[in-house]
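sequence unknown, structure follows:
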């Protein structure tokens, strides 16, 4: 068994979800991991991670609609407005989703279901640089 | 230290939650794991995992009531309706809960609190076959 | 690679969030862990874990406001009221957040972002003793 870690940055274009599977699979392949777990961690509190349906883009559009209604930007209930009307909603949306995910790796790739992809969900309206760390634990082809 | 994986399928009878602890504990025992972590992953985006109170079935009934109100079936806000009125709500309910969970293992069993059980939460109204992969990382009795 | 576990208890003063980073970092340092993953697990279903913004206490105050509106105490929809009006809301708030979190460890400490801290979120109004287990997997300075 072996453990290794790598980080990468995603330049988001503002609110929305961005597939990051390919980036993670590239890392597992470069690490020559055979099987184990890939742990994915985002070092921010106003963007998060999710596993979502990957076939119909309307799913992620509907998710945005749902979240925008559930946690309205500029809601007068919120005290924390330092960085604008999307500041506190971004924190809440992050809490309701996840800062970290683990996915099984088999034969060197994320063992996702057919309709699953891993997404970074940017909750701020303005573009951001988001840092992600992937930790791999398991068996490697070349130990 | 050692790593092993196994998968199993749960045949759900439609929307509702299904305890899966016993299935996972059977796997840890067959693997002769002593202590470590059990990572549980569901390969679907319209069913999820949760750790919930296991003593009073009304808790999970109230959870269904809450979710049905929060994410109404057939909501006209949703574009993605390919598989019926429960399609998009199932995706949202999955995002608001979790596709993966990790639980400590001690003395060969999930080290859950007294009132905790692991449940598969089926969000579709119709029965489905749901595949789950358990990844065990830690120390084993027989290495 | 090595695996170790430790537990600790947090005495909460009722509903609210309590930073637990320092407790976890003390454990990684005592274990002489260099790099790997820290898995944090709460053995309860009416308190949860979250990673949240750590600079402005108003963020966690706004979170309480949001949750209190989303899952009202004493809501007549709920059947499960055994332990009072905050009983079922505490379970729902726990389900909407998380019973377990994993965080990368580098150079012996949680590799959190600048604005991230790990919080125990007590959802019951009355003080409770909450047990947390931390599982460390990775490379240690002294194997």
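Thanks, I have it. Quick caveat: nothing in here was measured; it's all calculated off a predicted structure.

How many neighbouring residues does the residue in chain A that chain B sits nearest to have?
Of all residues in chain A, the one sitting closest to chain B is residue A:113 (3.3 Å; CB to the nearest CB). To be clear about C-beta, it is placed using only N, CA and C from the backbone, and glycine gets the same treatment. By other CB atoms under 10 Å in any protein chain shown, the residues close to residue A:113 number 18.

name the element it belongs to?
Under the criterion DSSP states H and E, no helix or strand holds residue A:113.

Run through the residues that contact it.
Contact analysis of residue A:113 by CB atoms under 8 Å, 6 or more residues apart in numbering or on different chains lists B:42, B:43, B:44, B:45, B:131.

again with residue A:62
Neighbouring residues of residue A:62 by CB under 8 Å, 6+ apart: B:77, B:78, B:79, B:80, B:88, B:91, B:92.

Just the buried residues of those.
Buried members of the contacts of residue A:62, counted by 16 or more other CB atoms under 10 Å in any protein chain shown: B:78, B:80, B:88, B:91, B:92.

which of those come close to chain C?
Among the buried ones among the contacts of residue A:62, no residue lies close to chain C (CB under 8 Å from any CB of the partner chain).

so of those, which ones are in helices?
Counting by DSSP state H, the part of these found in helices is B:88, B:91, B:92.

Run a quick neighbour tally on residue A:13.
Applying other CB under 10 Å, we find 10 other residues in the vicinity of residue A:13.

And the host helix or strand of residue A:52, what does it pack against?
Applying DSSP H and E as the criterion places residue A:52 in strand A:47-53. Applying 3 or more CB pairs under 8 Å, 6 or more residues apart in numbering or on different chains; DSSP states H and E, we find strand A:47-53 packed against strand A:33-42, helix A:57-70, helix A:87-96, strand A:100-106, strand A:116-122, helix B:87-96.

Tell me which of those lies nearest to residue B:12.
Evaluated over these, closeness to residue B:12 peaks at helix B:87-96, with 11.7 Å, by CB to CB.

Enumerate the positions of that closest one that are buried.
B:87, B:88, B:89, B:90, B:91, B:92, B:93, B:94, B:95, B:96.

Run through the residues that contact the fourth one.
For residue B:90, the contact set (CB under 8 Å, 6+ apart) comprises B:45, B:46, B:47, B:123, B:124.

Can you tell me how far it is from residue B:118?
20 Å (CB to CB, to the nearest Å).

Then residue A:139?
Per CB to CB, residue A:139 is found 25 Å from residue B:118.

who has more neighbours, these two?
When neighbours are counted by other CB under 10 Å, residue A:139 and residue B:118 differ, and residue B:118 comes out ahead with 26 against 15.

does the more buried one have beta-bridge partners, and which?
Residue B:118 has the following beta-bridge partners by DSSP bridges: residue B:51.

Contact partners for it?
Counting by CB under 8 Å, 6+ apart, residue B:118 touches B:19, B:20, B:21, B:24, B:40, B:49, B:50, B:51, B:101, B:103, B:110, B:112.

can you put the buried residues of helix B:87-96 in a markdown table and add pLDDT?
A markdown table is the format used below for the buried residues of helix B:87-96 (pLDDT from 0 to 100):
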| residue | pLDDT |
| --- | --- |
| B:87 | 97 |
| B:88 | 98 |
| B:89 | 98 |
| B:90 | 98 |
| B:91 | 98 |
| B:92 | 98 |
| B:93 | 98 |
| B:94 | 98 |
| B:95 | 97 |
| B:96 | 98 |
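
Closest one to residue C:34 out of the residues you listed, please.
residue B:95 (34.8 Å).

and chain A, which residues reach chain C?
Within chain A, the positions adjacent to chain C are A:1-3, A:5, A:39, A:41-46, A:70-71, A:77-80, A:82, A:88, A:91-92, A:95-96, A:98-100, A:102, A:131, A:133, A:135, A:137 by CB under 8 Å from any CB.
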